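Engineer: Next one to model:
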Amino acid sequence: MLHPRVQRCRADNRNLSPRESFSSTSSAKQWLSISFVLIAVVVIATKIGVASQAADTQQEKPVTVFVVRHAEKESAGRNPILSEAGKERAALLAKTLRNAELDHIHSTDYARTMMTAAATAATEELQVEKYNPAKLANFAMSLKRAGGRHLVVGHSNTTPALVKLLGGDPGLPIEETAEYDRLYVVTIGAAGDTTCVLMRYGKSSETKSAGSN
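Structural biologist: Numbers count the residues shown, from 1 in each chain. Now for the predicted structure:
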């Protein structure tokens, strides 16, 4: 059974269970639960990928991509930084993914996305690699060819778009003003078989921010 905040990607996510708070005051039991689910998703997906690769060694390497929108941002400026709530969420993302054994971390060239990626990059001792959201199809193809495990930080419009390009179903559009907690796990096996799981991390955002993306 999936964790209450975990679901397989599907076209309509209106029936999601009520969101729980995973802030710094949450219990260790709650955080360990989502961590164990995440580890299980990665392990199972990796086994699927290895099995597919053994069946056809001519196919691409298996790849797992964790896709998130940037965390909460300040409302002022053309290139806003993260708010205090956003910084807390970025730190929680790093904690959530600390057992994911990431190989690469990718971000668009904006302050809010780079700051979201920075905490995980520091924890994993990886460099943040920039990508162009205007060339998302090319980026998706490069991820498929690269193999390995990737964290991709994007925006309210590019995050679902990338999930779809990778073969997953992103579900309903992200609520631009208040939704920052989606964590997609998209795994593509060596033979091209795709699994997609949507998780939720951190508390739901209730403060509406200005601007877009």
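Engineer: Tell me the secondary structure at residue 66.
Structural biologist: Following DSSP: H, G, I helix; E, B strand; the rest coil, residue 66 is assigned to strand.
Engineer: Give me the neighbour count for the nearest residue to it once chain neighbours are set aside.
Structural biologist: Among residues not flanking residue 66 along the chain, residue 151 sits closest, at 4.7 Å (C-beta to C-beta, 6 or more residues apart in numbering). Placement of C-beta: from N, CA and C, glycine included. Other residues near residue 151 come to 27 when the count uses other C-beta atoms under 10 Å.
Engineer: Torsion angles phi and psi at residue 151?
Structural biologist: Dihedral angles of residue 151 (phi, psi; degrees, to the nearest 10) stand at phi -110, psi 130.
Engineer: That one pairs with what?
Structural biologist: Counting by DSSP bridges, residue 151 is bridged to residue 66, residue 105.
Engineer: Which residue, neighbours along the chain excluded, lies closest to residue 174?
Structural biologist: Excluding the flanking residues, the one nearest residue 174 by C-beta to C-beta, 6+ apart is residue 156, at 4.3 Å.
Engineer: Next one: that neighbour from residue 133, what distance?
Structural biologist: Plainly put, residue 156 is 11 Å away from residue 133 if you go by C-beta to C-beta, to the nearest Å.
Engineer: show me the contacts for residue 80.
Structural biologist: Contact partners of residue 80, counting by C-beta atoms under 8 Å, 6 or more residues apart in numbering, are 73-74, 111-112, 211.
Engineer: Only the buried subset of those, as a ChimeraX command please.
Structural biologist: To isolate the buried members of those in ChimeraX, using 16 or more other C-beta atoms under 10 Å:
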select :73,74,111,112
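Engineer: Taking the contacts of residue 80, tell me the two that lie furthest apart.
Structural biologist: Maximum pairwise distance among those (C-beta to C-beta): 12.4 Å, between 111 and 211.
Engineer: so how far is residue 112 from the residue nearest to residue 174?
Structural biologist: Note on residue 156: its distance to residue 112, by C-beta to C-beta, is 11 Å.
Engineer: what's the answer for residue 128, then?
Structural biologist: According to C-beta to C-beta, residue 128 stands 13 Å off from residue 112.
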